[in-house]
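Trainee: With the sequence up front, the predicted model follows.
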Amino acid sequence: MSDSMRIALIGQAAFGESVLNALIENSAEVGGVFCPPDQEGRPPDPIKTAAEGHGVPVHQFKRLRDAEAIQAFQRLDADLGVMAFVTDIVPEDMLQAPSRGTIQYHPSLLPKHRGPSSINWPIIQGERETGLSIFWPDANLDTGPILLQKRTEIGPDDTMGKVYFDTLFPLGVEAMIESVEMVRNGTAPRLQQDESQASYEGWCRAEHCIVDWGKPIAETYNLIRGGDPSPGAGTTHSGETLQLYSASKSEENTGADPGVVVEVADEGVRVAAPGGSLLIGRLRPQGGGKVAAHDWAASAGVSAGDRFGT
């Protein structure tokens, strides 16, 4: 990759760090990195540490919309803006500052699943395919023209964490580097999104992932998979809130009512649902950390016949 194109990178966390490292490894010129401010009591953001290691200037602003942040970005005189995991609102003055525009990573096949939790929702909704988009952001949310897309299967037992870390993360870093090269050599398209196919979902939060044990087993299984590891699908036991993880599904009829604990085994706690049962391998009790479901059941005195959702 030629170093004749100056890049301004906006990003954070491990994905932003990986994109930065990949750009540097491909001999790109990164003129500056913009990332969130440090938080007291927490280590610096990985992208900041990586940028300092590469000798790339770091800029940290609480709000990218502030005039001071916009001016700092404009002073970089960048040819291309690259957005790699950005949760703040990036103003148009910043998007339009680079001479060749700005590109952004989004972990869905736009225009489907616009919004901030675009990995959770396809799994929760039972879809079998997802992917990523590199697009040219505009004034609206995830609506700009598409530069490049890559598709990937959602396996029947895949969790949100597996889809992201095993596929959308590494594939996204590769796609970002490929896209930067296409911009550099003048072959990057701007394909308008088909608004007739558009969908949008907001943040997937704990309140959106409450298990209704009366629903078909496939829906509950998708909900748990789509919330694993975050935000976690929730239920209750004797008034205590529990988040459920590492589930597996059996369609063998247990004869038990929905939500009833069928057995407590070394592998976890099996709970009946319409159409079969779910084995919960790990869970997080209220106010605690994740533990093996078997260990929680032993400490809480849970046995077959107990009920979840109470």
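Mentor: Nice, thanks for sending it over.

Trainee: Distance of the residue nearest to Gly234 when sequence neighbours are not counted relative to Ile134?
Mentor: The spatial neighbour of Gly234 that comes closest, neighbours along the chain excluded (CB to CB, 6 or more residues apart in numbering), is Ile210 at 5.0 Å. Where you see a C-beta, it was placed from the backbone N, CA and C, and this is true even at glycine. Applying CB to CB, to the nearest Å, one obtains 34 Å for the distance of Ile210 from Ile134.

Trainee: quick one: contacts for Gln125?
Mentor: Under the criterion of CB atoms under 8 Å, 6 or more residues apart in numbering, the neighbours of Gln125 are 222, 226.

Trainee: Look at it and report its pLDDT.
Mentor: Reading off the per-residue confidence, Gln125 sits at a pLDDT of 98.

Trainee: and if you look at Tyr200?
Mentor: The predicted local distance difference test score for Tyr200 is 97.

Trainee: where along the stretch 101-250 of the chain do the helices fall?
Mentor: Under the criterion DSSP state H, counting those that start in this stretch, helices of the stretch 101-250 of the chain are mapped to 120-124, 160-162, 169-184, 217-226.

Trainee: mean confidence score for the second one?
Mentor: When pLDDT is averaged along helix 160-162, the result is 98.

Trainee: List the buried residues for that helix?
Mentor: 160, 162 (16 or more other CB atoms under 10 Å).

Trainee: Domain boundaries for this protein, per the record?
Mentor: The chain is divided into the following domains under automatic domain parsing: 6-197, 206-300.

Trainee: Would you agree Lys48 falls within a helix?
Mentor: Yes: per DSSP: H, G, I helix; E, B strand; the rest coil, Lys48 lies within a helix segment.

Trainee: Please report the distance of the residue lying farthest from the centre of the chain from Pro274.
Mentor: Largest separation from the mean C-alpha position in the chain: Gly255, at 37.3 Å (CA atoms, centre = their mean). Applying CB to CB, the value for Gly255 to Pro274 is 12 Å.

Trainee: Same question for Gly81.
Mentor: Between Gly81 and Pro274 the distance, using CB to CB, works out to 50 Å.

Trainee: which ones are touching the residue nearest the centre of the chain?
Mentor: With distances taken as CA atoms, centre = their mean, the residue of the chain nearest its centroid is Ile119 (5.2 Å). With contacts taken as CB under 8 Å, 6+ apart, Ile119 has the following neighbours: 107-108, 130, 160, 163-164, 168.

Trainee: now swap in Gln12 and tell me
Mentor: With contact taken as CB under 8 Å, 6+ apart, Gln12 is in contact with 35-36, 45, 47, 85-87.

Trainee: Low-confidence ranges, this structure, go.
Mentor: Filtered on pLDDT under 70, the chain yields the residue ranges 1-3.

Trainee: what about 90?
Mentor: Scanning the chain with the threshold set as pLDDT under 90 gives 1-4, 310.

Trainee: Can you point out the helix or strand that includes the residue farthest from the centre of the chain?
Mentor: Secondary-structure assignment from DSSP states H and E places Gly255 in no helical or strand segment.

Trainee: Let's test this: what are the backbone torsions at it?
Mentor: For Gly255, the backbone dihedrals are phi 80, psi 0 (criterion: degrees, to the nearest 10).

Trainee: Quick one: residues contacting the nearest residue in space to Gly81 that is not next to it in sequence.
Mentor: Spatially, and ignoring its direct neighbours in sequence, Gly81 is nearest to Thr102 (3.3 Å; CB to CB, 6+ apart). Neighbouring residues of Thr102 by CB under 8 Å, 6+ apart: 80-83, 90, 94-96, 136-137.

Trainee: Mind doing that once more with 6 Å?
Mentor: 81, 95, 137 (CB atoms under 6 Å, 6 or more residues apart in numbering).

Trainee: which of these has the most neighbours?
Mentor: Gly81 (25 neighbours; other CB atoms under 10 Å).

Trainee: Surely that residue is within a strand?
Mentor: Yes: with three-state DSSP as the criterion, Gly81 is part of a strand.

Trainee: Distance of it relative to Leu95?
Mentor: From Gly81 across to Leu95, the span is 7 Å (CB to CB).

Trainee: Likewise for Lys162?
Mentor: In this structure, Lys162 and Leu95 are separated by 32 Å, where distance is defined by CB to CB.

Trainee: and if you look at Ile47?
Mentor: As for Ile47, its distance to Leu95 is 19 Å (criterion: CB to CB).

Trainee: Next up, phi/psi of Gly276, please.
Mentor: In terms of degrees, to the nearest 10, the main-chain angles of Gly276 are phi 150, psi -140.

Trainee: show me the contacts for it.
Mentor: 217, 250-252.

Trainee: Right, I'll leave it there.
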